[in-house]
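> My questions are about this predicted structure, shown below with the sequence.
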Amino acid sequence: MKRYFLIYKECIRVAFATAATYRMNFFLNTIIMLLGDILFPLVTVLIYGSGAGFEGWSVYEVLLIQAVFTMSLAIADMTFHGIMWATMLAVREGNFEMSLLMPVDTMFLLMAKNFSIDAIGLFLGGLTIFIIALVHLAVPSVFMWLQFAAMFFIGMMVMMGIALIMAATSFKWVGNSRIPEIFDSIRSFGKYPQSIFPKTVLVISACFIPVAMIGFFPAATLMGRGSYVMFLAIIPCILFMMLGILLYRSMVRLYQGVGG
C-alpha cells in the first residue's frame, strides 16, 4: 500500500512539474476546459432571465445541480479519466505491454500516470458557482452535508465505472474514439433536475446508467429534497463501478497483443 501511495504521489509531482514547464499550454487547456463546460450554467441563467425555467426549480437550485456536476467532472478529469485515452492509444500503437511489465496493478498505473491538473480551472469555476448558488438557498444542516458528501463520492464511483467500461472496449474495438461522446451525451442527463424527464429516463438515469448520482442526487440532498429513490440508487452505482473494474481487468488478462 505504501508503494502505491508513493507512486501516486510521484505522478502528482510530475503533473505539477509538467504544468510549470509548459505554462502557456497549461493555461490554454485550463481556460478552454473552463469556457467549454461553464457554458451550461450561463445558459441556465439566460433561460431564467428570459422568464422561462424548469418548473418547480429556482435558478439557484438548478445552478447548484450543475455546479456539483461540473466539480465532479473536473475531479474525474484530473484523477482517472485519463485511463480511457491512455488505454486506447496504448492498444492502438501496440505499447500496452510496457504497462503490463510494471510490478504494479495496470489499472492503477495508468490512472496514476495520467493524473492531470488541467481541469483545476474547471473545478474552481464549478466551486464558485456552487458557493454563489448555496448563498441564495437555505443553509444546509450537518446531516445534509454528510449526505451530500456520501452522494458526491458515489457519483465519482459512477464516473470511474463509465471510464473503465469505455477503456475496456479498446481491447476489442480499437477504433472506438466516438464511444466517449456517446457516454458524454448520456452523462449530461445528470446536470438537470430529474423531474423534467419522462419516467423511462428517470429509471435509466437512476438504475441502469446511474448518471443522476453525478450531479442531481448530491445537490438534491443538500437542498433538503432527497428521497428514498436516491438512496436506493446507491446500489446500482456501486455495482456499476464494480462492473467497470471487473470488465477492465478481464480485458487486460485477455489482451493478446497489438490491435487487441
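Great, that's in hand.

> what ranges do the helices span in the protein?
Here the chain has its helices, by DSSP state H, at 2-21, 23-37, 39-49, 59-79, 82-93, 97-100, 106-113, 120-135, 142-169, 179-187, 199-203, 216-222, 228-232, 234-254.

> And the third one, how far out from the chain middle?
Averaging C-alpha positions (CA atoms, centre = their mean, to the nearest Å) puts helix 39-49 22 Å from its chain's average.

> what do you get for the shortest one?
Taking the mean C-alpha point of helix 97-100 and that of its whole chain, the gap between them comes to 26 Å (CA atoms, centre = their mean).

> repeat for the fifth one
Distance, stretch centre to chain centre, for helix 82-93: 18 Å (CA atoms, centre = their mean).

> List the buried residues for that helix?
82-88, 90-92 (16 or more other CB atoms under 10 Å). Bear in mind the C-beta positions are built from the backbone N, C-alpha and C, glycine included.

> The last one too?
Across helix 234-254, burial judged by 16+ other CB under 10 Å covers 234, 236-237, 240-241, 244-245, 247-248, 251-252.

> possible to save these as JSON lines with pLDDT?
Output for those, formatted as JSON lines (pLDDT from 0 to 100):
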{"residue": "234", "pLDDT": "90"}
{"residue": "236", "pLDDT": "90"}
{"residue": "237", "pLDDT": "91"}
{"residue": "240", "pLDDT": "89"}
{"residue": "241", "pLDDT": "93"}
{"residue": "244", "pLDDT": "93"}
{"residue": "245", "pLDDT": "95"}
{"residue": "247", "pLDDT": "94"}
{"residue": "248", "pLDDT": "94"}
{"residue": "251", "pLDDT": "89"}
{"residue": "252", "pLDDT": "90"}
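
> which non-adjacent residue is nearest residue 170?
residue 88 (4.4 Å; CB to CB, 6 or more residues apart in numbering).

> My guess is that neighbour contacts residue 168. True?
No. Judged on CB atoms under 8 Å, residue 88 makes no contact with residue 168 at a distance of 10.6 Å.
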